[in-house]
Each structure stands twice: as structure tokens, then as C-alpha cells.
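Engineer: here is my input, please return the structure:
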Amino acid sequence: AELLVGEHDFKSFCCVRTQTETTVRHVYGLEISEQDAYGAKMFTIRITGNGFLYNMVRIIAGTLIRVGGGELAPDEMPRILGKKDRTAAGPTAPAHGLTMMGIEYGE
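Structural biologist: Below you'll find the predicted structure:
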């Protein structure tokens, strides 16, 4: 997860049909925490940044799930970012459980 922090071109982590001028975004922080909930493990992924592309957070989550499951090595993140190809990243995680915690606007 820490390899995604910083300013990167997140083209691999957005919908193929994005209509934005640039896919460069700055992720300020990406934290993963684990809790026990209802007798099962629950993971929380908290991402802060200067903006997000369509499905970016869900694709990052799906990719991190693959890393956590051993299907992708953690050091694959720079390669995925560098490919700038949606097919290089993991699947789009389902929307259920996704919560926007807030929006802050600077001056």
C-alpha cells in the first residue's frame, strides 16, 4: 500500500473510459487496519488524496486484496503504475462497504 503513496499516474487504477484530462493524482496516505467484527476479520482501507479517478479506490482495494491473498507480490505496484493499463491492476472491488468519510476543499 505504501508504494501507492505520493504523486503517480493512476491510469492503471481507473475506469478505461475515463474522461479526465489527467490521471495523475497525489495519494497523501493509504492505511490498512484489521478488526474483529462479528467473529470474522474485517479490513479497513483508508485513502486520502487530492482527488480520485472513477473507480480508483475500488480498483486499489481490489488490487490490495490480491496482494493480501498472495496472488500479487507487494513489489508489483510500481510495475502496475508504470504500465498505465487498467488490465495490469486487480479487479474492481464491489461498492458495498465503501464509505466516503469526507471532502475538504482548500483555498
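Engineer: stretch 65-75 - what's its average pLDDT?
Structural biologist: With pLDDT averaged residue by residue, stretch 65-75 scores 94.
Engineer: ditto for stretch 40-51
Structural biologist: Here the average pLDDT along stretch 40-51 is 90.
Engineer: can you show me the CA trace of the longest strand along the chain as PDB?
Structural biologist: Secondary structure of the chain per DSSP state E: the longest strand is strand 24-37. Written as PDB, here are the backbone C-alpha positions of strand 24-37 (Å, rounded to 0.1, in the frame of the first residue of the first chain):
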ATOM      1  CA  VAL A  24      -2.100  12.000 -12.200                       C
ATOM      2  CA  ARG A  25      -3.200  12.200  -8.600                       C
ATOM      3  CA  HIS A  26      -1.500  12.600  -5.200                       C
ATOM      4  CA  VAL A  27      -2.300  10.000  -2.600                       C
ATOM      5  CA  TYR A  28      -1.300  11.500   0.800                       C
ATOM      6  CA  GLY A  29      -2.000   8.400   2.800                       C
ATOM      7  CA  LEU A  30      -3.100   4.800   2.400                       C
ATOM      8  CA  GLU A  31      -3.700   2.800   5.600                       C
ATOM      9  CA  ILE A  32      -5.000  -0.700   6.100                       C
ATOM     10  CA  SER A  33      -6.200  -1.800   9.500                       C
ATOM     11  CA  GLU A  34      -7.700  -5.100  10.700                       C
ATOM     12  CA  GLN A  35     -10.500  -5.600  13.200                       C
ATOM     13  CA  ASP A  36     -12.500  -8.500  14.500                       C
ATOM     14  CA  ALA A  37     -16.200  -8.000  13.700                       C
END
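Engineer: which helices and strands does it pack with?
Structural biologist: Here strand 24-37 touches strand 6-9, strand 40-49, helix 56-68, going by 3 or more CB pairs under 8 Å, 6 or more residues apart in numbering; DSSP states H and E. In short, each C-beta sits where N, CA and C put it, glycine included.
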